[in-house]
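Asks: Starting from these lines, generate the structure:
(one chain, ligands or ions: 1)
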Amino acid sequence: EKGTYPHFMLKEIDEQPLVMRKIIQAYQDGNGNLKIEDEITKAMLDADRLYIVACGTSYHAGLVGKQLIEKMAGIPVEVHLASEFGYNMPLLSAKPLFIFISQSGETADSRAVLIKVKEMGYKALTITNVPGSTLSREADFTLLLHAGPEIAVASTKAYTAQIAVLAILAFVTGTSKGASVNINLVKELGIIANAMETLCDAKEEFEQIAAEYLPAAINCFFIGRSIDHSVGLEGALKLKEISYIQAEGFAGGELKHGTIALIEKQTPVIALATQAGVNGSIRANVKEVATRGASTCIISMKGLETEGDRFVLPAVHELLTPLISVIPLQLIAYYAALHRGCDVDKPRNLAKSVTVE
Ligand code: M6R
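Replies: Prediction:
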């Protein structure tokens with residue numbers, strides 16, 4: 001039920017701090033340490049390469065998951081679109097482990113890959129929100145998102161839940177491997193939950209950004225470097241699927257290789273700047289598009305901000321920024337769709353769970 005909320009999407013955006021806390025609780029042992037089932041840790045440690053397979057928003061969470069797993073657990077990761085995997089199957093390593101990410105656990109494209117790799121004799125882990133879902137039943141192992149039912153077609157709380165569970169998987173694997181995982185993840189996820197609350201309380205700011213940048217827009221670009229690039233892809237998907245504004249996310253460094261040709265007077269460009277190592281270069285990209293007339297909106301993070309930034313996110317651990325930087329993008333998409341009179345929860349041509357290939 002949506003209760004007092006006008007839309008499920010807004011309710012689900014607001015539930016994100018609570019979901020974060022539920023995940024921390026669900027994946028803690030009696031001593032407050034993060035845990036996952038031993039057999040899953042063992043499968044991770046046995047693998048020489050992980051293959052993440054997913055669609056849409058879940059694929060975008062997988063892109064972030066790759067960074068988390070490679071940095072915390074030191075296992076190479078490839079991320080693949082399920083719909084492409086069948087005919088573009090990569091050369092597999094000697095000991096692969098497949099990780100399927102699916103909110104619904106029913107996505108046909110992902111299931112087709114799962115069936116294929118199981119036939120080939122490989123092990124699979126499904127990360128899903130729905131216990132007992134098809135992808136969960138057909139895989140060897142399951143990790144649950146604990147996000148509660150997600151009703152709006154546009155996925156929001158499942159994305160952040162997927163990233164949090166991937167972070168825990170990466171952390172526990174890295175720790176069991178004896179890698180020096182230099183992060184107190186329980187504490188950092190607690191900081192994330194609080195930061196999420198701050199953002200959910202700042203809705204008017206994001207409604208204002210939508211009203212300022214998007215009412216007449218025919219397109220919108222999201223730029224970022226490093227992990228911000230992956231979040232930009234998700235911001236673009238969110239905006240296009242519910243507001244029907246043509247939106248594209250790309251790496252800041254790619255601008256000069258083509259996309260900058262599309263920048264005209266007042267083209268909206270939303271830039272994420274949450275990573276210290278690339279702060280200078282993403283800001284240089286923003287200048288390049290501003291010089292060509294773009295309306296630029298920088299969303300940065302405390303400690304990295306510069307005068308003129310449109311919004312400054314609370315400071316969180318730099319590996320976990322997607323968990324909070326996505327919230328302004330979800331809310332901007334929500335308000336852009338609302339202002340255009342779109343059916344926010346049930347956008348045209350889309351189904352919540354895509355059960356045909
Ligand atoms: O249930 P799944 O996570 O497998 O669904 C995958 C995509 O269909 C889904 O994320 C879709 O892209 C959403 N509508 C995005 O908001």
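Asks: For the protein, just list every one of the strands.
Replies: Ranges of strands within the chain are 49-54, 77-81, 96-102, 123-128, 141-144, 219-224, 246-251, 268-273, 295-301, 311-313, based on DSSP state E.
Asks: Which among the ones you listed is found nearest to the ligand?
Replies: Nearest to the ligand among the strands of the chain is strand 96-102 (3.3 Å), distances taken as C-beta to the nearest ligand atom. Every residue, glycine included, has its C-beta placed from N, CA and C.
Asks: partners of that closest one in the sheet?
Replies: strand 49-54 (parallel), strand 123-128 (parallel) (DSSP bridges).
Asks: Give me the contacts around the last one.
Replies: Counting contacts by C-beta atoms under 8 Å, 6 or more residues apart in numbering, the residues outside strand 123-128 that touch it are 40, 43, 97-105, 114, 117-118, 133, 135-136, 138-145, 162, 165-166, 169.
Asks: Touching, Leu329 and Gly235? I think so.
Replies: Yes. Contact status for Leu329 versus Gly235: in contact at 3.4 Å, counting by C-beta atoms under 8 Å.
Asks: Common neighbours of these two, please.
Replies: When C-beta under 8 Å, 6+ apart defines a contact, the residues bordering Leu329 and Gly235 alike are Phe222, Ile270.
Asks: Comparing the two, which shows the higher neighbour count?
Replies: Here Leu329 and Gly235 are compared on neighbour count by other C-beta atoms under 10 Å; more neighbours surround Gly235, at 29 against 26.
Asks: I'd like the distance between the closest residue to the ligand within the stretch 1-150 of the chain and Lys71.
Replies: Distance from the ligand to each residue of the stretch 1-150 of the chain (C-beta to the nearest ligand atom) is smallest for Gly56, at 1.9 Å. Distance check for Gly56 against Lys71: by C-beta to C-beta, to the nearest Å, it reads 24 Å.
Asks: So for the two, which residue has more residues nearby?
Replies: In this view Gly56 and Lys71 are compared by other C-beta under 10 Å, and Gly56 has more residues nearby, 22 against 16.
Asks: which residues touch that one?
Replies: Taking C-beta under 8 Å, 6+ apart as the definition of contact, the neighbours of Gly56 are Ser155, Leu237.
Asks: On the pLDDT front, check it for me.
Replies: Confidence at Gly56, expressed as pLDDT, is 98.
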